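Trainee: return a 3D structure for these sequence lines:
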Amino acid sequence: MGTAESFSASLRNGFGQFSILTRHFFHRFFQNDIVDFEDQMKEKVIGGMAFLAILGVQVANAILFKYPFLEKEGPSWVDKGYFFWIFMLLLGFITVVEWDVIFPDRRDYLNLIPLPVRVRTFFLAKSASFFLFIGIYSVAAHALASFSFGYFLTRFRSGSPLFILRYMAAHLVAGSAANIFLFFLCVFIQGLLMSLLSYGLYKRISLIIRFVLLTSIVFLLIVSLTGSVSIPQSFSNFPAMKESQDRFLYAFPPMWFAGLYEYLLGNRDPFFATLSRFALGAVLASVLAFFGAAAISYTRHLKKSLEVRRGRINLRKVQDLLSKAFDAVALRNPTQRAVFHFFGQTLSRSTLHKMRLFNYLAVSSALALIMLATTQLLRSHMTVSNRTLLAIPLILSFFLLLGIRSLANVPASLEANWVFQITERTPRRHYFAGLKKAVFFEALFPLFVLVFVFYYYLWGWRPALMHCLYGLAASVLLMEILFLRYPKVPFTCNFVPGKAKVHVYWLPYAIGFLLYAFFLSSLERFLFAYPRYFLNYFVTCGVLFLASRLYQNFYFYRRQPIVYHEEPEPVMISLESPP
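Mentor: Presented below is the predicted three-dimensional model:
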């Protein structure tokens, strides 16, 4: 009896640990700047699900609205494949963005490994959180959309209410299978990299892979939803490709799940039967591959992620000489020098900050690729009057600065907070001058050097130089606007999620982006047509820059103390005046 009670208590304890860890890992998916506090997570998740549900219905209605005017169903499997394509891309984007919290990080190991928790429980709880996340996403994206598919398409096969339910169930099953496949495929890539590469090499390579994946997914998602290139139109060729047994349809994953969809509805066409087998095999293979790679990476990196590694010394003396020469010329004030190097070294060593910045750069790169794909790329059209070519550096610099402004609020080491507090000196303007010099020399200047190299190949050195100086002047003014009245030392202030209110201010950001990129590109086009006005532009930029610096140095920084601790917004706001 004692053995049975001990076994029962062990099961209850194991299940309790599993339940708690599953909730913990699931909550980690939503710990970002949109979620203010953990007690508000429920409403944010519900809001996200509502957004996905509305998007799903809108996409479904847009592609199915033609069917009430048709006499027969036709190749509706093409539209089903297109629908799956859209939401597989969206899930891929979310998965790559959440890459940092998919596998346990240093904080998880430090907090959980010393506890009496088995690695098996730890691993199964993480896997369960994956399926919970996929389930919520699938229900949100496909539940209401399945009703639209059933409403528009069942009249061609059967008007029975039971068949409508079967149609909706088939949609949910096929859509969930597509989501499981794509999610675990992305996670498998991460696990495989962790298994094959050393820890340090993995950290470097994974950043590049994530950037490429994010750029590609954003590009495909935007052009698929807007139809700005030829991706949506190319789906109309699929019926002819089916007749010719084109192998592309068998290699295109959304078609596998469209085939599974048709097979679940009773369509026994050999083409759909083959695709459904591909779909089931892909789901099983992706899940098994994930578990295999994850098991290896967990055991291999369990201890390595806790080790403190010293950076290799490569050309250290040359770097020190160059750094000292730069400091003597551009950073003669010690406060500026401290903030400048703290900014640069933090951004180069923090994987979290680099990856968040890469997210912004991926969006800007995707937008630039879309603009290039929708314009004529003949050499004869790639002149200084091509507005697309003029706008691309502005787009890149806008998202680069916006990303840096967002990252500056996220702490990398709170210990540095106290170092800056106990050594604070006046005038305070040197702290922010060091920050802006760091943004200029560490981000803007390298970007426009690359821009100059590219445009030198297209236009020659003189137009390329004027183009880079034009964009650099505009970017410096944008930097002044973004950091206007900014009272913090970057990466040191404690972080209160939700302070940025991205979900509130996204519209002003979007309007500002359109004005910055497209108005300034039109202005530059005019200036290239009348080069004598370039001097007026640079003088205007200089006056605005000087006015901003005078206001901040002699008014704002003298009255505004440096903020080291961010206070959360009060839950209740009293209308009474303080005593």
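
Trainee: I figured Gly344 hits Glu442, correct?
Mentor: Yes. With contact defined as CB atoms under 8 Å, Gly344 reaches Glu442; the gap is 5.0 Å. Using the backbone N, CA and C atoms, a C-beta is placed for each residue, glycine as well.

Trainee: element containing Phe526, please.
Mentor: Assessed by DSSP states H and E, Phe526 sits inside helix 520-529.

Trainee: contact partners of that helix?
Mentor: Contact partners of helix 520-529, identified using CB atoms under 8 Å, 6 or more residues apart in numbering, comprise 384-385, 387, 390-391, 394, 463, 466-467, 470, 474, 533-534, 537.

Trainee: ok, now with 7 Å
Mentor: With CB atoms under 7 Å, 6 or more residues apart in numbering as the test, helix 520-529 has contacts from Val384, Ser385, Arg387, Leu390, Ala391, Leu394, Tyr470, Ala474, Tyr533, Phe534, Tyr537.

Trainee: stretch 93-101 now?
Mentor: Contact with stretch 93-101 is made by 28-29, 183, 186, 190, 210, 213-214, 217-218, 221, 352, 355, 359, as judged by CB under 7 Å, 6+ apart.

Trainee: 8 Å instead?
Mentor: Residues contacting stretch 93-101 (CB under 8 Å, 6+ apart): 28-29, 31, 102, 137, 182-183, 186-187, 190, 206, 210, 213-214, 217-218, 221, 351-352, 355, 359.

Trainee: in PyMOL, how would I select just the buried ones from the residues you listed?
Mentor: Buried residues among those (16 or more other CB atoms under 10 Å), as a PyMOL selection:
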select buried, resi 28+29+102+137+182+183+186+187+190+206+210+213+214+217+218+221+355+359
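
Trainee: among the contacts of stretch 93-101, which lie within helices?
Mentor: If you go by DSSP state H, the contacts of stretch 93-101 have 28, 102, 137, 182-183, 186-187, 190, 206, 210, 213-214, 217-218, 221, 351-352, 355, 359 in helices.

Trainee: next helix or strand past the helix holding Phe526?
Mentor: Taking DSSP H and E as the definition, the helix or strand right after helix 520-529 is helix 534-551.

Trainee: what subset of the contacts of helix 520-529 is buried?
Mentor: Buried, going by 16+ other CB under 10 Å: Val384, Leu390, Ala391, Leu394, Tyr470, Ala474, Tyr537, out of the contacts of helix 520-529.

Trainee: just the ones of these in helices?
Mentor: Of the buried ones among the contacts of helix 520-529, the ones assigned to helices by DSSP H are Leu390, Ala391, Leu394, Tyr470, Ala474, Tyr537.

Trainee: how close does the first one get to Thr226?
Mentor: Okay, so that is Leu390. According to CB to CB, to the nearest Å, Leu390 stands 22 Å off from Thr226.

Trainee: circling back to that earlier point, need the max-distance pair from the ones in helices among the buried ones among the contacts of helix 520-529.
Mentor: Farthest pair in those (CB to CB) is Ala391 and Tyr537. Separation: 16.2 Å.

Trainee: which residues sit in contact with Tyr455?
Mentor: Leu389, Pro463, Ala464, His467, Cys468.

Trainee: what secondary structure does it sit in?
Mentor: Three-state assignment for Tyr455 (DSSP: H, G, I helix; E, B strand; the rest coil): helix.

Trainee: measure it to Phe556 for me?
Mentor: Look at Tyr455 and Phe556: by CB to CB, they are 37 Å apart.

Trainee: got the angle between the host helix or strand of Ser406 and helix 520-529?
Mentor: Assigned by DSSP H and E, Ser406 belongs to helix 387-407. Relative orientation of helix 387-407 and helix 520-529, computed by axes from the mean of the first three to the mean of the last three CA atoms, to 10 degrees: 130 degrees.

Trainee: tell me the average confidence for the host helix or strand of Met49?
Mentor: Per DSSP H and E, Met49 falls inside helix 41-64. The average of the pLDDT scores along helix 41-64 is 80.

Trainee: if you count contacts, what does that helix end up packed against?
Mentor: Contact partners of helix 41-64 among helices and strands, from 3 or more CB pairs under 8 Å, 6 or more residues apart in numbering; DSSP states H and E: helix 76-97, helix 119-153.

Trainee: helices or strands up against the longest one?
Mentor: In other words, helix 119-153. Applying 3+ CB pairs under 8 Å, 6+ apart, one finds that helix 119-153 contacts helix 2-28, helix 41-64, helix 76-97, helix 161-196, helix 270-304.

Trainee: quick one: the third one to chain centroid distance?
Mentor: This points to helix 76-97. Between the centre of helix 76-97 and the centre of its host chain there is 17 Å, according to CA atoms, centre = their mean, to the nearest Å.

Trainee: go on, the second one?
Mentor: Computed by CA atoms, centre = their mean, the separation of helix 41-64 from the middle of its chain amounts to 19 Å.

Trainee: again with the last one
Mentor: Between the centre of helix 270-304 and the centre of its host chain there is 24 Å, according to CA atoms, centre = their mean.

Trainee: give me the buried positions along it.
Mentor: Of the residues in helix 270-304, 271-272, 275-276, 278-280, 282-283, 286-287, 289-290, 293-294, 297-298, 301 count as buried by neighbour count, 16+ other CB under 10 Å.

Trainee: helix 119-153 and that helix, what's the angle between them?
Mentor: Using the same axes, to 10 degrees, one finds that helix 270-304 and helix 119-153 are set 150 degrees apart in direction.

Trainee: distance-wise, check the closest residue in space to Lys203 that isn't next to it in sequence relative to His24.
Mentor: Nearest-residue entry for Lys203: Thr351, 5.7 Å, with adjacent residues in sequence omitted and distances by CB to CB, 6 or more residues apart in numbering. Applying CB to CB, the value for Thr351 to His24 is 21 Å.
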